[in-house]
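Participant: Okay, predicted coordinates and the sequence, questions at the end:
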Amino acid sequence: MTPQDLLRLHPFFSALPPADVAKLLLRTRCSRAPAGKVLFQKDDPGDGLYGVLSGRIAFTVDSADGKKLTLNVLGPGEFFGEIALLDGKGRSAAAAARDDSELLLIPRQEFLSFVRERPDMMLHIMAVVCGRLRRSTEYIADAAFLDLPKRLAKQIVVLLDLPGASPGTGLRVSHAELASMLGASRERVSRLLAAWGHKGILEQGRGRLVVRDPRALAQLVGDG
């Protein structure tokens, strides 16, 4: 994936004309992160917006008793760091490279300078941020009102909608990662996945989930 292709995937920049995309690219820089490298810790100063050109980046937070919760794992075509980019405060989670990764960075000052020259772009960004806030509210409601099978089914459906994912090619996600995303035990998630495997809904192997019957998962979500 090229930096230009990556920028066009982000909702902040998808409506920009080609000439503006080219100007924004001049303000970016690329870097590599080997597997295991910590990009930043929670509360570290935000230095800009990152996009994933290749590899995977995991985001975690720690509880007071030392438990680690995986908030998300992002792959090629996805971005992170919008909150610190916009408010200039610390990172809301820690980030580390799950695989050898290549990243695109838009430094915060470069981004702000670019937006100041395009006031209409800020209105567009506000609409995007409000949409994400609505989804966060939905996530909180799910945790309160849906049981684990419905939450797990919904999480898998959401992951299937991410760039580069599809039922046929499978999801690169482990049982532990799914459990951490849902705040559940790995054992309960593994039992549910095994049961769905016996029913022919999905197949498992080598850190991948291949969904064979996405309608069955969607029906589980719809029942919630």
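Facilitator: Arrived safely, thanks for sending.
Participant: How many residues are close by the residue nearest to Pro3 when sequence neighbours are not counted?
Facilitator: In space, and not counting its chain neighbours, Pro3 is closest to Leu104: 5.1 Å by Cβ to Cβ, 6 or more residues apart in numbering. Quick note: C-beta positions are derived from backbone N, CA and C, even for glycine. By other Cβ atoms under 10 Å, the residues close to Leu104 number 22.
Participant: Was I right to think Leu104 contacts Cys30?
Facilitator: Yes: judged on Cβ atoms under 8 Å, Leu104 makes contact with Cys30 at a distance of 5.6 Å.
Participant: If you average pLDDT per helix and strand, which one of the chain comes out bottom?
Facilitator: Between all helices and strands in the chain, the lowest mean by mean pLDDT, DSSP states H and E belongs to helix 119-145, at a mean of 76.
Participant: Can you list the buried residues in that helix?
Facilitator: Neighbour-count burial for helix 119-145, counted by 16 or more other Cβ atoms under 10 Å, picks out Met121, His124, Ile125, Asp142.
Participant: Beta-bridge partners for the spatially most central residue of the chain, please?
Facilitator: Residue closest to the mean C-alpha point of the chain, counted by Cα atoms, centre = their mean, is Leu74 at 4.2 Å. Leu74 forms beta bridges with Ile57, as assigned by DSSP bridges.
Participant: I figured it was touching Leu53, is that so?
Facilitator: No: the pair Leu74 / Leu53 is not scored as a contact, 11.6 Å apart, by Cβ under 8 Å.
Participant: Can you pull the poorly scored residue ranges out of the protein?
Facilitator: Judged by pLDDT under 70, the chain has its weakly predicted residues at 132, 136, 139, 143-144, 163-169, 223-224.
Participant: can you list the domains in it?
Facilitator: Annotated domains of the chain cover 3-132, 146-223 [automatic domain parsing].
Participant: Nice, that's everything, thank you.
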